[in-house]
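**Student:** Sequence plus predicted model, see below.
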Amino acid sequence: MSDAERLEEKFAAVVASDHKRGGQLDIEKSAADLADSALNLQNSGSATHRVRSRLLATAASR
């Protein structure tokens with residue numbers, strides 16, 4: 001499983017939690033932390049252009 005797939009799964013869990021529990025501060029922080037992780041991976045320079053684009057899209061869409 002790729003880094004992008006792992007992040008997408010984690011984001012999906014955060015979104016599901018948000019739908020279930022509503023706007024809790026811990027959910028917002030989790031989403032922000034995952035977006036930071038996605039951007040850090042995107043900026044690491046070791047990924048292909050396609051993967052970097054996917055990571056950026058993942059961070060932006062959440």
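**Tutor:** Looks like it arrived, so ask away.
**Student:** going forward, measure contacts between C-alpha atoms and count neighbours the same way
**Tutor:** Fine.
**Student:** Whichever strand or helix holds S53 - contacts with which helices or strands?
**Tutor:** Using DSSP states H and E, S53 maps to helix 49-61. If you count contacts as 3 or more CA pairs under 8 Å, 6 or more residues apart in numbering; DSSP states H and E, helix 49-61 packs onto helix 3-21, helix 25-43.
**Student:** Need the contact partners of it.
**Tutor:** A4, L7, E8, L34, A35, D36, A38, L39, L41, Q42, N43 (CA atoms under 8 Å, 6 or more residues apart in numbering).
**Student:** give me that answer again for 10 Å
**Tutor:** Under the criterion CA atoms under 10 Å, 6 or more residues apart in numbering, residues 2-5, 7-8, 11, 31-48 lie in contact with helix 49-61.
**Student:** check contacts around A4.
**Tutor:** Going by CA under 10 Å, 6+ apart, A4 touches 10, 38, 41-42, 51-59.
**Student:** Could you give me the buried positions within the least confident helix or strand in the chain by mean pLDDT?
**Tutor:** Across the helices and strands of the chain, mean confidence by mean pLDDT, DSSP states H and E is lowest for helix 49-61: a mean of 78. Under the neighbour-count criterion of 16 or more other CA atoms under 10 Å, helix 49-61 has V51, R52, R54, L55, L56, T58, A59 buried.
**Student:** circling back: only alpha carbons, please: show the helix holding S53 as CSV.
**Tutor:** Output in CSV follows, covering the C-alpha atoms of helix 49-61 (Å, rounded to 0.1, in the frame of the first residue of the first chain):
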residue,chain,number,x,y,z
HIS,A,49,5.1,13.5,-10.1
ARG,A,50,1.9,11.4,-10.2
VAL,A,51,2.2,10.4,-6.5
ARG,A,52,3.1,13.9,-5.5
SER,A,53,0.0,15.2,-7.3
ARG,A,54,-2.1,12.6,-5.6
LEU,A,55,-0.7,13.5,-2.1
LEU,A,56,-1.4,17.2,-2.8
ALA,A,57,-4.9,16.4,-4.0
THR,A,58,-5.5,14.3,-0.9
ALA,A,59,-4.4,17.1,1.4
ALA,A,60,-6.4,19.8,-0.5
SER,A,61,-9.6,17.8,-0.7
